[in-house]
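> coords please:
(one chain, ligands or ions: 1)
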Amino acid sequence: MIPVIITGYFRCFDIFHIILLYQVYHRKSEEKMQLFSVIDRQMLGRLYANNLKGVLYEVNEKFVNETHSQVPVCGESDLLVIGGGIAGVAAALAASRNNKKVTLIEKSIILGGLATLGHVCIYLPLCDGLGHKIYGGIAEELLYTTIKYGYSNVPDGWEYGVKTVEKPAGRYQTHFNIPACVMAFDELMAENNVEVIFDTVFCAPIMDGNVCKGVIVENKSGRSAYIAKMVIDASGDADVMFRAGAPCIEQKSIVSHWAYELDFETMKKGIESGDIINTIGLRWIGLRPDADNSQSEIPRFYGTTSDGVNAYIRFSRTLALDFLKKNRRSDYTMLSLPTMPQFRTTRRIKGQKELSLVPGLHLDDSVGCVINCLDSPAAVYEFPYGALIDGNITNIITAGRIVAADGAGWEIMRYIPGCAFTGQVAGTAAAMSIDAGCTLQNVDVAELQEKLTDSGVLIHMGEDLRDNEGKAAYAEPTKQFDPLIKLDSLCYPTSH
Ligand SMILES: Cc1cc2nc3c(=O)[nH]c(=O)nc-3n(C[C@H](O)[C@H](O)[C@H](O)COP(=O)(O)OP(=O)(O)OC[C@H]3O[C@@H](n4cnc5c(N)ncnc54)[C@H](O)[C@@H]3O)c2cc1C
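Numbers count the residues shown, from 1 in each chain. This is a model prediction of the structure:
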């Protein structure tokens with residue numbers, strides 16, 4: 001009877017149910033589960049059981065009602081960052097540098113998200129293709145973190161801290177080595193006192209009206225809670241905002257499978273060049289040569305449902321296997337598989353404001369300038385603070401590929417430099433909100449702009465950047481070709 005009383009749910013129990021529940025309650029946990037499944041099969045519906053963790057289940061034909069009588073609090077901090085991709089790393093760094101105790105929850109065992117787990121190892125340009133650096137601050141710092149212990153191919157002319165370069169050898173971007181990047185991120189987080197909790201999945205925000213008191217997580221130790229004053233959603237899929245009830249927008253994503261490979265021909269050329277970076281190939285499977293799959297016949301998938309994720313993975317791996325079958329040779333090997341589904345844009349917040357793609361437009365509440373990294377020259381846009389927050393939820397802020405930007409704007413905000421930029425803004429604004437004891441909606445944007453400027457973020461564009469589009473670029477757009485990338489021409493229709 002005890003579990004029934006604890007839950008506070010009363011149903012019409014007959015004496016047979018009560019005897020069985022009594023038996024369940026007094027068995028060891030494995031026996032309980034066995035017995036429960038027997039009971040379950042015999043009498044679907046109107047049943048409660050209890051396991052050792054105090055979780056109560058009511059099994060019906062279509063649902064299992066779950067009641068947790070007690071979830072232990074495992075940690076308390078000023079600020080929780082959910083997701084350790086580029087955006088989460090940048091957000092945690094910014095908040096910690098603003099004197100906040102930060103805990104970062106990451107479901108995998110590796111920082112970097114798509115950039116590392118997803119094998120997206122190209123830090124796209126920080127510059128506009130005309131020699132002007134657009135992304136400074138933590139976006140620039142993280143570029144150098146990715147290459148701190150590994151190879152790089154930042155073109156001559158560009159170096160940390162410069163604002164403009166006349167006739168550089170190329171765009172301010174680099175390839176980076178994934179293991180070296182991951183360990184440099186670990187080091188960066190440790191140096192900045194960010195507590196990283198790996199192998200832990202965010203499950204639900206603990207909401208009290210419009211205020212988030214913390215989050216429920218699951219990991220090897222079971223289910224637990226982390227309490228905080230402020231939460232940064234850097235989950236890549238707006239999981240926190242969505243589950244907190246914020247209006248969100250979802251879309252299907254194209255398939256593009258990235259993997260490392262080795263082949264003798266590339267290796268020979270690499271060895272001649274004397275630089276290891278040229279010996280390793282990066283293969284794109286499923287993506288067209290112009291990096292635009294908008295007309296492709298390859299299906300698209302939702303990244304916000306289990307079915308969508310699984311269908312995506314099956315399809316993407318089938319393409320990769322097709323390629324492997326056609327390339328079973330003694331001079332070729334695939335080296336790796338991505339360990340995170342390579343979705344580009346899945347779900348984003350609707351936001352209090354949205355990025356507007358009017359080139360040259362001045363915004364009083366701009367928190368930084370952004371560009372489409374693939375364009376050269378790239379038009380410059382000012383990004384409004386309100387595109388990081390929801391209109392109602394007072395203490396959850398977003399960072400990364402989930403901020404409020406539509407269509408081509410969403411594309412712009414998903415690239416690594418943009419994710420690092422929004423991470424920095426989110427971390428700084430969240431810390432300010434704690435200090436001021438105000439909601440995220442009431443953060444002093446002028447003070448935020450000042451703090452960001454001090455750390456190298458370009459808040460407003462000058463006249464020199466206003467009409468970028470009409471100018472002649474020194475470099476080709478990034479999507480037209482990087483010699484380290486190889487495409488599998490077999491995997492998209494040749495008619496396109
Ligand atoms: C195929 C492909 C190619 C791309 N090419 C480039 C490129 O060349 N250059 C470039 O600059 N950009 C590129 N991008 C875009 C860029 O890589 C990503 O958009 C960017 O890295 C996203 O960063 P993020 O931190 O916002 O999200 P993510 O990288 O998705 O990070 C989210 C993190 O949150 C974690 N997480 C998710 N859910 C939970 C949960 N419930 N609990 C705990 N943790 C959770 C994930 O494990 C992950 O670590 C590409 C993207 C794709 C898919």
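> centroid residue for this protein?
Nearest to the geometric centre of the chain sits residue 236, at 3.1 Å (Cα atoms, centre = their mean).
> Please list all residues in contact with that one.
The contact partners of residue 236, taken as Cβ atoms under 8 Å, 6 or more residues apart in numbering, are 83, 85, 87, 113, 114, 343, 346, 400, 401, 402. In this view, the C-beta of every residue, glycine as well, is placed from N, C-alpha and C.
> now with 7 Å?
Residues near residue 236 by Cβ atoms under 7 Å, 6 or more residues apart in numbering: 83, 85, 113, 400, 401, 402.
> mind listing what's buried in the longest strand along the chain?
In the chain, taking DSSP state E as the definition, the longest strand is strand 222-233. For strand 222-233, the neighbour count (16 or more other Cβ atoms under 10 Å) marks 223, 224, 225, 226, 228, 229, 230, 231, 232, 233 as buried.
> what about whichever residue of the stretch 151-300 of the chain sits closest to the ligand, which SS state?
The minimum distance from the stretch 151-300 of the chain to the ligand, using Cβ to the nearest ligand atom, falls at residue 236 (2.5 Å). Assigned by DSSP: H, G, I helix; E, B strand; the rest coil, the conformation of residue 236 is coil.
> Tell me the pLDDT of it.
Residue 236 is assigned a predicted lDDT (pLDDT) of 98.
> so does the longest strand of the chain get close to the ligand?
No - figure legend: strand 222-233 not in contact with the ligand (Cβ under 6 Å from any ligand atom); closest approach 9.4 Å.
> still on that earlier bit, out of the contacts of residue 236, which touch the ligand?
Within the contacts of residue 236, those near the ligand by Cβ under 6 Å from any ligand atom are 83, 85, 113, 400, 401.
> Can you classify the residue lying closest to residue 276 once chain neighbours are set aside by secondary structure?
Ranked by Cβ to Cβ, 6 or more residues apart in numbering and with sequence neighbours excluded, the top spatial neighbour of residue 276 is residue 151, at 5.9 Å. Three-state call for residue 151 (three-state DSSP): coil.
> just to revisit the earlier point, who wins for most neighbours among the ones next to the ligand among the contacts of residue 236?
Highest neighbour count within those, by other Cβ atoms under 10 Å: residue 400, with 33 neighbours.
> nearest residue to that residue other than its sequence neighbours?
residue 87 (2.8 Å).
> Kindly calculate the angle that the host helix or strand of that neighbour makes with strand 222-233.
In the assignment (DSSP states H and E), residue 87 maps to helix 86-97. Angle between the axes of helix 86-97 and strand 222-233 is 80 degrees (criterion: axes from the mean of the first three to the mean of the last three Cα atoms, to 10 degrees).
> List, one by one, the residues from the stretch 351-496 of the chain near the ligand.
Taking Cβ under 6 Å from any ligand atom as the criterion, the stretch 351-496 of the chain approaches the ligand at residues 400, 401, 414, 415, 416, 419.
> Check whether the first one really touches residue 420, as I assumed.
So the one you mean is residue 400. No - using Cβ atoms under 7 Å, residue 400 makes no contact with residue 420, being 8.7 Å away.
> any residues in contact with both of those two?
The contact lists of residue 400 and residue 420 share 86, 87, where a contact means Cβ under 7 Å, 6+ apart.
> Of all the residues in stretch 331-342, which ones are buried?
334, 338, 340, 341, 342.
> Close to the ligand: what parts of the stretch 201-350 of the chain are there?
Listed as neighbours of the ligand in the stretch 201-350 of the chain under the rule Cβ under 6 Å from any ligand atom: 201, 202, 234, 235, 236, 239, 256, 258, 340, 342, 343, 344.
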